[in-house]
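Trainee: Build me a model:
(one chain, ligands or ions: 1)
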Amino acid sequence: MTALLAVRDIHKAFPGPDGPIPVLRGASLDLASGRTLALTGESGSGKSTLLHLIGGLDRPDSGSILLDGTEVTSLDDRGRARLRRESVGVVFQQFNLVPSLDVAANIAFQARLKGASDPSWEAHLADRLGLAPQLRKYPEELSGGQQQRVAIARTLAARPRLVLADEPTGNLDESSSEAVLALMLALVAETGAALLCVTHSERVAERMDARVHLRLGRVAP
Ligand SMILES: Nc1ncnc2c1ncn2[C@@H]1O[C@H](COP(=O)(O)OP(=O)(O)OP(=O)(O)O)[C@@H](O)[C@H]1O
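Mentor: This is a model prediction of the structure:
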């Protein structure tokens, strides 16, 4: 099984009042195309930090992140921006929808940036996510759960090879969370993407193919 994503021996420290504070101390993981992986760990264990490094939003102090044959850690700013545009999709707890665009335009946003807008795929996503009646509405007119579904549709519309999700249903009540998670997993499977999902929720972690747990800056054995 060839890994789409191979993370090796990642170290990352942040500046503290008395010198650098190590957060990641040799974190490694692998993820194959089409697979889903939960990333768990106590609050402050470095889960979001690792996700940001994989998504090219920040750089590690050392270590290797190989994504689809590209060494993410050696990309310059432009290369990392291209990676985020073309290969990686993120779903965060804050939906970051564009307030001035309606739902249809928000869904198409990422795919258009990539130059790969596919209206029939976007319509399919909207339909599957129950957003068809909302396409002409603006984000402020939507509930939290609807906004989250728009954020998921926007990410998947661009057909990323890797989806990074940080507490993707963290803002939803339990029953909406279950429903949105099930839809997200089904749609990720349709695209053949891999999913790395940070979560505190046992129920969410259980839905993934596998799980890794961060402890003391490393993946626990
Ligand atoms: N940009 C930053 N500057 C300084 N410290 C940071 C920065 N980002 C994260 N940290 C610190 O790194 C540690 C890990 O943070 P991170 O957000 O990765 O943890 P987490 O496991 O995702 O936590 P949570 O489950 O609470 O979201 C924390 O102590 C945090 O304060």
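
Trainee: The most centrally placed residue in the chain: what's it in contact with?
Mentor: The chain has residue 164 as the residue nearest its centroid, 1.8 Å off, counting by C-alpha atoms, centre = their mean. The neighbours of residue 164, taking C-beta atoms under 8 Å, 6 or more residues apart in numbering as the test, are 51, 54-55, 88-91, 196. To be clear about C-beta, it is placed using only N, CA and C from the backbone, and glycine gets the same treatment.

Trainee: Redo these as TSV? Include distance to residue 210, pLDDT and neighbour count.
Mentor: Shown next, in TSV, are the contacts of residue 164 (distance: C-beta to C-beta, whole Å; pLDDT from 0 to 100; neighbours: other C-beta atoms under 10 Å):
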residue	distance to residue 210	pLDDT	neighbour count
51	16	95	20
54	16	96	25
55	20	93	22
88	20	95	25
89	20	93	28
90	20	92	21
91	19	90	24
196	10	97	26
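
Trainee: what's in contact with the worst-scoring helix or strand of the chain on mean pLDDT?
Mentor: When the helices and strands of the chain are scored by mean pLDDT, DSSP states H and E, helix 174-191 comes last with a mean of 88. Contact with helix 174-191 is made by 34, 36, 91, 125, 128-129, 145, 148-149, 152, 156, 159-160, 163, 165, 168-169, 172, 195, 201, 203-204, 207, as judged by C-beta under 8 Å, 6+ apart.

Trainee: circling back: from the contacts of residue 164, which two are the most distant?
Mentor: The most widely separated members of these, counting by C-beta to C-beta, are 54 and 91 (13.7 Å).

Trainee: hmm, back to that, just the contacts of residue 164: which are in helices?
Mentor: 51, 54 (DSSP state H).

Trainee: so residue 105, which of the three states?
Mentor: Applying DSSP: H, G, I helix; E, B strand; the rest coil to residue 105 yields a three-state assignment of helix.

Trainee: Name all residues that make contact with it.
Mentor: Neighbour list for residue 105: residue 98 [criterion: C-beta under 8 Å, 6+ apart].

Trainee: What of residue 193?
Mentor: Going by C-beta under 8 Å, 6+ apart, residue 193 touches 33-34, 89, 156, 159-163.

Trainee: and if you look at residue 36?
Mentor: 185, 188, 194-197, 207-210.

Trainee: Likewise for residue 123?
Mentor: Counting by C-beta under 8 Å, 6+ apart, residue 123 has contacts residue 132.

Trainee: Remind me which helix or strand it belongs to.
Mentor: helix 119-128 (DSSP states H and E).

Trainee: Show me which parts of that helix are buried, residue by residue.
Mentor: Applying a neighbour-count criterion of 16 or more other C-beta atoms under 10 Å, one finds 121-126, 128 buried in helix 119-128.

Trainee: So for the helix or strand hosting residue 66, could I get the coordinates as CSV, restricted to C-alpha?
Mentor: Applying DSSP H and E as the criterion places residue 66 in strand 62-67. Output in CSV follows, covering the C-alpha atoms of strand 62-67 (Å, rounded to 0.1, in the frame of the first residue of the first chain):
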residue,chain,number,x,y,z
SER,A,62,12.7,19.4,11.0
GLY,A,63,11.3,16.2,9.6
SER,A,64,9.7,15.2,6.3
ILE,A,65,6.1,15.5,4.9
LEU,A,66,5.8,13.7,1.6
LEU,A,67,2.4,14.3,0.0
